[in-house]
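Peer 1: This is the structure alone, sequence omitted:
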């Protein structure tokens, strides 16, 4: 009787060699168009399809140039991941060394910035090109524990010939994405890798748990920076009349006066001092204050008029919404969930109820609480152009959706039934 994909993962922990042979047969059959003895796991099969479209050679590995040591160091110093290295080391390294694994931390572009663990396994990793400064994006080196979690935005374990490139078939890895709790932006991936015989089905849950601890630490650090900014803001706001707030550089509010509290205000990507127009606040004056910005709202009404909204889903992991019109254009990077929601609203211009969006997103119309919470967050920066009951873009807004060159790459992380159906229905190039 044929095994299901999930059975294969469990089977590998019991009989590694036999499972590796079986997965090699699956891979060979998939590449040749033959009949596979076992279906690949969905996350692996979807990755293989993306990699095939990217033109990765399954029989010969490709290694792009390593970053220079100076560039690796520059990226380390610029990455927020440096703040959570102690959490990752404490949670992973002691066990990884005993289990003959290594810990690898890569940035959002798939570049390896840190590698630690078993010296013997580090030498083996060198032979695979798994080195400091190496590029391990999925579209460059195929299905793997760094590049694939970066695309799917969820933890992924890749065992033996689940790797697309043959030279990696002696390896097992489990990677989890780490996202910025302030913006939802991908910061990078933490991965635990080792030789085939070190595979264990619990490794993925272990790595994912430590990645979540790292994200929790980033939230704590963010709260500390807001507290420091709040201390600076309090005496300044106490002297002001009218509506004003102080926000950090990402727009998270530290303190307000003369207005209801806002969790976050949408600031330009690179704000400068002077008059600005901001969503939800309208005409404002922005001034630097400490490690953030003092935003003073003008009393005149928010300018009205036709507006063009561009939902850009064309670049992998760089989704954004751009508003053109009114007093000033602005752009905001989108988290995966907000990209999904706005795409569905762009497709359904007549609108979707909370239960309809829940059905679209989760296949469960009862999950309206989750949908309403996320839409509430969306409305904080796009509320001037969104209506509800049902949720929809304003009638006078012109909506443009920028799709990837290959429509099958539309929101590739998304498992939302409605998004998956749209991906499947769009014609291939």
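Peer 2: Received it, and whenever you're ready, just let me know what you need. Here the structure is a predicted model, which means the values were calculated and not measured.
Peer 1: Measure how buried residue 315 is and give me the count.
Peer 2: Per other C-beta atoms under 10 Å, the neighbour tally for residue 315 reads 11. To be clear about C-beta, it is placed using only N, CA and C from the backbone, and glycine gets the same treatment.
Peer 1: host element of the residue nearest to it when sequence neighbours are not counted?
Peer 2: In space, not counting the residues next to it along the chain, residue 315 is nearest to residue 404; the distance is 7.6 Å by C-beta to C-beta, 6 or more residues apart in numbering. Here residue 404 is covered by no helix or strand, with elements defined by DSSP states H and E.
Peer 1: got a list of what residue 404 touches?
Peer 2: By C-beta atoms under 8 Å, 6 or more residues apart in numbering, the contact set of residue 404 is 313-316, 410.
Peer 1: which one of the residues you listed is nearest residue 52?
Peer 2: Residue 52 has its nearest neighbour among the contacts of residue 404 in residue 316, at 15.9 Å by C-beta to C-beta.
Peer 1: Hmm, that closest one is touching residue 409, no?
Peer 2: Yes. The pair formed by residue 316 and residue 409 meets the contact definition of C-beta atoms under 8 Å, at 6.9 Å.
Peer 1: ok, of the contacts of residue 404, which come out buried?
Peer 2: Among those, those buried by neighbour count (16 or more other C-beta atoms under 10 Å) are 313, 316, 410.
Peer 1: May I ask you to confirm that the second one belongs to a strand?
Peer 2: Just to be clear, that refers to residue 316. No. Counting by DSSP: H, G, I helix; E, B strand; the rest coil, residue 316 falls outside a strand, being coil.
Peer 1: for the residue nearest to residue 269 when sequence neighbours are not counted, helix, strand, or coil?
Peer 2: In this structure, residue 269 finds its nearest non-sequential neighbour in residue 331, 6.4 Å apart by C-beta to C-beta, 6+ apart. Classification of residue 331 using three-state DSSP returns strand.
Peer 1: same thing with the one 10 residues further on?
Peer 2: The assignment at residue 341 comes out as helix when based on three-state DSSP.
Peer 1: What's opposite the residue positioned nearest the centre of the chain in the beta bridge?
Peer 2: For the chain, the residue nearest the mean C-alpha position is residue 186 (3.9 Å; C-alpha atoms, centre = their mean). Under DSSP bridges, the beta-bridge partners of residue 186 are residue 179.
Peer 1: For it, list the residues it contacts.
Peer 2: Per C-beta under 8 Å, 6+ apart, neighbours of residue 186: 108, 150, 153, 177-180, 317.
Peer 1: switch to 7 Å and redo it
Peer 2: Contact partners of residue 186, counting by C-beta atoms under 7 Å, 6 or more residues apart in numbering, are 108, 150, 153, 177, 179, 317.
Peer 1: Ok, residue 153 next?
Peer 2: 177, 186, 336, 413.
Peer 1: got a pLDDT number for the second one?
Peer 2: Meaning residue 186. We have a pLDDT of 92 for residue 186.
Peer 1: and it, how far is that from residue 177?
Peer 2: Residue 186 sits 6 Å away from residue 177, going by C-beta to C-beta, to the nearest Å.
Peer 1: which neighbours do the two share?
Peer 2: Common neighbours of residue 186 and residue 177, using C-beta under 7 Å, 6+ apart, are 150, 153.
Peer 1: Alright, that wraps it up for me.
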